[in-house]
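Novice: Fold the following for me, if possible:
(one chain, ligands or ions: 1)
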Amino acid sequence: MIERSIFSEEHNIFRGTVRRFYEEHIMPHHSQWEKDGQVSREAWLEAGKQGLLCMPIPEEYGGAGADKLYSIIMMEEQARAGATGPGFGLHSEIVAPYILNYGTEEQKKEFLPRMARGEIIGAIAMTEPGTGSDLQGVKTRAVKDGDDYIINGSKTFITNGFMSDVVIVVTKTDPEAGAKGTSLFLVEADRDGFDKGRNLEKLGLKAQDTAELFFDDVRVPATNMLGGEGKGFFCLMQELAWERLQIAIGATATMEAVLDDTIEYTKNRSAFGKNIIEFQNSRFKLAEVKTEVQIARVFVDKCIEELLKGELDVATAAMAKYWTSDLENKIIDECLQLHGGYGYMWEYRVARAYADARVQRIYGGTNEIMKELISRTL
Ligand SMILES: Cc1cc2nc3c(=O)[nH]c(=O)nc-3n(C[C@H](O)[C@H](O)[C@H](O)COP(=O)(O)OP(=O)(O)OC[C@H]3O[C@@H](n4cnc5c(N)ncnc54)[C@H](O)[C@@H]3O)c2cc1C
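Specialist: Residues are numbered from 1 along each chain as shown. The predicted structure is shown next:
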């Protein structure tokens with residue numbers, strides 16, 4: 001395989017630490033969490049203790065002030081381990097940066113250090129039962145009342161939603177003003193009128209909590225607004241390239257891990273007096289998979305380089321998100337086939353990966369929306 005050139009020696013040492021963290025503190029519990037539909041609070045606290053949460057956040061707010069390559073290693077190792085339960089990425093790489101970039105000094109001090117320690121869990125609630133792709137169609141209302149706002153509405157499919165302690169809620173403060181009428185609020189889970197509905201049963205990501213959230217006359221002080229009135233849409237648009245690249249990073253690391261597993265499996269399983277890998281069909285399939293994974297790896301690493309230079313544009317990130325997540329689904333299917341019946345058994349990573357991968361084409365903006373974005377540059 002073409003050697004990767006984006007990481008330094010320090011990054012490689014850090015990778016070993018993260019790999020051990022997943023092996024020792026996450027994977028031994030993962031099948032229980034799949035049954036529970038959520039991971040344990042201890043896992044979050046341990047990640048916090050080891051300094052693995054909110055790594056890009058400056059030290060003064062409890063983070064490590066680390067460059068994005070550390071975050072990327074965290075994501076790659078999580079995917080490599082097959083640890084799809086913990087919503088660390090969303091918490092550390094989406095929610096915390098919103099607070100850092102758009103929050104007031106008080107908001108940063110109040111939430112970021114506790115998020116970095118794993119004491120509180122963050123979520124972001126955009127999607128509603130009636131609207132997902134069309135974010136401008138959000139119906140949740142925030143109405144000013146003296147020094148407060150009163151929030152009414154409901155959200156669904158919210159990652160970390162069931163365990164969340166603080167949620168960035170996308171609301172309309174002026175429904176007539178289109179995108180300029182959208183505002184974000186930090187809503188703590190213990191506010192009166194804020195209810196978590198079901199922890200939703202999903203096709204995959206079984207250990208990941210994904211919830212409905214209901215807001216019934218939830219009163220929050222105006223100081224809980226994030227980024228200013230009418231600025232919500234603007235804030236949501238700023239980090240889209242990075243948020244989408246995160247999906248491509250996970251997809252590529254997952255493909256590499258599933259390929260490794262499949263090579264191993266086909267070397268050890270035999271039929272008709274031969275190892276499965278000796279059949280020409282198996283070798284050709286694996287040769288195709290290896291080639292495609294290599295192409296994905298080179299493209300994603302190039303996108304990472306562009307991101308680090310601050311030059312990754314929305315369309316290229318959309319290409320990475322759509323193409324790698326489509327490829328991930330295709331490749332896992334090929335690898336599952338090479339496992340025969342065992343590939344259909346939950347105890348095999350390839351079976352879980354097959355179920356987990358499907359949503360990659362849906363969340364973070366569906367792949368159809370990605371093609372819309374790319375086609376605008378034609
Ligand atoms: C496991 C999981 C976790 C999630 N986590 C979060 C989260 O943490 N926070 C959050 O806010 N949301 C979250 N989501 C929601 C996710 O982002 C949405 O499901 C997604 O954006 C699609 O919205 P939708 O489900 O309403 O589908 P719809 O928008 O109703 O789309 C239905 C179909 O129509 C297509 N379509 C829609 N518009 C167009 C168009 N203009 N052109 C072509 N085709 C189009 C779509 O591509 C799709 O195929 C999560 C979803 C899942 C399943």
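Novice: Leaving out chain neighbours, which residue sits closest to residue 288?
Specialist: Closest residue in space to residue 288, ignoring its immediate chain neighbours: residue 334 at 7.5 Å, by Cβ to Cβ, 6 or more residues apart in numbering. (Each C-beta comes from the backbone N, C-alpha and C, glycine too.)
Novice: Hmm, residue 282 and the one you found touching each other?
Specialist: No - taking contacts as Cβ atoms under 8 Å, residue 334 lies outside contact range of residue 282: 10.2 Å.
Novice: interface residues of the stretch 1-150 of the chain facing the ligand?
Specialist: 124, 125, 126, 127, 132, 133 (Cβ under 6 Å from any ligand atom).
Novice: Just confirm yes or no for stretch 310-321 near the ligand.
Specialist: No - on the criterion Cβ under 6 Å from any ligand atom, stretch 310-321 is out of touch with the ligand, staying 11.8 Å away.
Novice: immediately after the helix or strand of the chain with the lowest mean pLDDT, which helix or strand?
Specialist: Within the chain, no helix or strand scores below helix 232-238, which has a mean of 93 by mean pLDDT, DSSP states H and E. With elements assigned by DSSP states H and E, the helix or strand that comes after helix 232-238 is helix 240-268.
Novice: ok so, going back, check which helices and strands the least confident helix or strand of the chain is in contact with.
Specialist: Judged by 3 or more Cβ pairs under 8 Å, 6 or more residues apart in numbering; DSSP states H and E, helix 232-238 is in contact with helix 96-102, strand 166-172, strand 182-188.
Novice: Next, see if the last one gets close to the ligand.
Specialist: No - if you take Cβ under 6 Å from any ligand atom as the test, strand 182-188 misses the ligand, and the best it gets is 11.8 Å.
Novice: and that strand, what other elements does it pack with?
Specialist: For strand 182-188, the packing partners by 3+ Cβ pairs under 8 Å, 6+ apart come out as helix 96-102, strand 148-159, strand 166-172, strand 210-221, strand 225-226, helix 232-238.
Novice: Kindly report the same for the first one.
Specialist: Other helices and strands packing on helix 96-102, by 3+ Cβ pairs under 8 Å, 6+ apart, are helix 105-117, strand 122-125, strand 182-188, strand 225-226, helix 232-238.
Novice: Give me the buried positions along that helix.
Specialist: Within helix 96-102, the residues that count as buried by 16 or more other Cβ atoms under 10 Å are 96, 97, 98, 99, 100, 102.
Novice: Is the residue nearest to residue 288 part of a helix or strand, or is it coil?
Specialist: What DSSP: H, G, I helix; E, B strand; the rest coil gives for residue 334 is helix.
Novice: ok, now how distant is whichever residue of the stretch 1-150 of the chain sits closest to the ligand from residue 236?
Specialist: At 2.0 Å from the ligand, residue 132 is the closest residue in the stretch 1-150 of the chain, using Cβ to the nearest ligand atom. Distance, residue 132 to residue 236, using Cβ to Cβ, to the nearest Å: 13 Å.
Novice: Which neighbours do those two have in common?
Specialist: residue 126 (Cβ atoms under 8 Å, 6 or more residues apart in numbering).
Novice: Just give me how far stretch 198-215 sits from the chain centre.
Specialist: Computed by Cα atoms, centre = their mean, to the nearest Å, the separation of stretch 198-215 from the middle of its chain amounts to 14 Å.
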